[in-house]
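**Q** Give me a 3D structure for the following:
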Amino acid sequence: MCEAITVGILTGLMGAVQSIAGYQAQSQAASASEKAYQEQRNLNQEAANRAYQQTQLKMKGEMERASQQAEQGLVRRLQAQGTTLAAGRAGQSIGGLLADAERVEGKDLGALGMNLAYAQQDYFFGMENIYTQQNAANISAASQRVAAPSAGGLALGLAGSAMSGVQAGLALKAPAAGGGGGGGSSGGGGYNTQLPDYGQYKPPAYGT
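**A** As a prediction, the model looks like this:
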């Protein structure tokens with residue numbers, strides 16, 4: 001009996017040790033996975049920030065270039081009108097020349113505005129694309145995370161180990177099948193469950 005108890009205890013302890021070791025290993029793996037995930041998210045954010053800055057700088061350059069070209073167009077118009085006025089012309093001819101200079105400037109400004117609108121559209125598309133790529137990278141990193149084990153799972157594992165130890169002890173304490181000597185009525189090796197017939201018992205006669 002003592003041997004059965006000892007075996008049961010050892011079996012339960014071994015199972016408990018394995019459950020605890022597995023829980024600790026899963027916890028360490030989950031912790032390392034979470035750290036790697038957070039580091040990857042930081043890297044994704046830094047890459048997105050660099051892309052945002054580059055896109056913003058590109059848009060800023062387009063706006064500065066358009067502003068400079070607009071100023072140059074204004075200077076050209078004023079120079080053309082000044083030249084016309086300095087020539088001393090009068091009548092409708094001078095009015096037409098002045099208007100021509102304004103039309104040229106307006107045409108140039110219209111082209112600049114169209115180019116700037118395209119640049120703004122590319123800017124917004126670029127910013128949205130950066131955001132989408134960052135989210136996709138974060139989702140990909142999240143899919144590789146290892147889930148942390150639950151305390152409930154550990155408790156179930158310990159309970160299962162204890163039950164295994166009890167079952168191992170009981171298995172050693174149980175009588176072997178077919179023992180007990182004498183077969184039953186069926187001729188097998190089971191226990192003989194037939195009770196004796198006490199009604200046929202006759203006590204010995206004393207004093208005779």
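**Q** which helix is the longest one in the chain?
**A** As assigned by DSSP state H, the longest helix anywhere in the chain is helix 2-86.
**Q** Which strands or helices does the next helix or strand after that helix pack on?
**A** Downstream of helix 2-86, the next assigned helix or strand under DSSP states H and E is helix 92-142. The helices and strands touching helix 92-142, judged by 3 or more C-beta pairs under 8 Å, 6 or more residues apart in numbering; DSSP states H and E, are helix 2-86. Every residue, glycine included, has its C-beta placed from N, CA and C.
**Q** Which neighbouring elements make contact with the helix it packs on?
**A** helix 92-142, helix 151-173.
**Q** pLDDT (mean, whole number) over the first one?
**A** Which is helix 92-142. Averaged across helix 92-142, pLDDT comes to 88.
**Q** thinking again about what came up before, quick one, the longest helix of the chain and helix 92-142 angle?
**A** Counting by axes from the mean of the first three to the mean of the last three C-alpha atoms, to 10 degrees, helix 2-86 points 170 degrees away from the direction of helix 92-142.
**Q** Poorly predicted segments of this structure, please.
**A** 1-19, 22-23, 88-92, 148-208 (pLDDT under 70).
**Q** Now residue 144. Its backbone dihedrals?
**A** With angles defined as degrees, to the nearest 10, residue 144 sits at phi -100, psi 0.
**Q** Let me know how buried it is, in neighbour terms.
**A** Residue 144 has 10 neighbouring residues, counting by other C-beta atoms under 10 Å.
**Q** In three-state terms, label residue 146 for me.
**A** Judged by DSSP: H, G, I helix; E, B strand; the rest coil, the three-state class of residue 146 is coil.
**Q** Now it: phi and psi?
**A** Here is the backbone geometry of residue 146 (degrees, to the nearest 10): phi -100, psi 130.
**Q** how much space is there between the closest residue to it other than its chain neighbours and residue 25?
**A** Nearest residue to residue 146 in three dimensions, chain neighbours excluded: residue 33, at 3.9 Å (C-beta to C-beta, 6 or more residues apart in numbering). For residue 33, the distance to residue 25 equals 12 Å [C-beta to C-beta, to the nearest Å].
**Q** more crowded one of the two?
**A** Taking neighbours as other C-beta under 10 Å, residue 33 and residue 25 compare with residue 33 leading, 16 against 11.
**Q** Surely that one touches residue 142?
**A** No: taking contacts as C-beta atoms under 8 Å, residue 33 lies outside contact range of residue 142: 10.2 Å.
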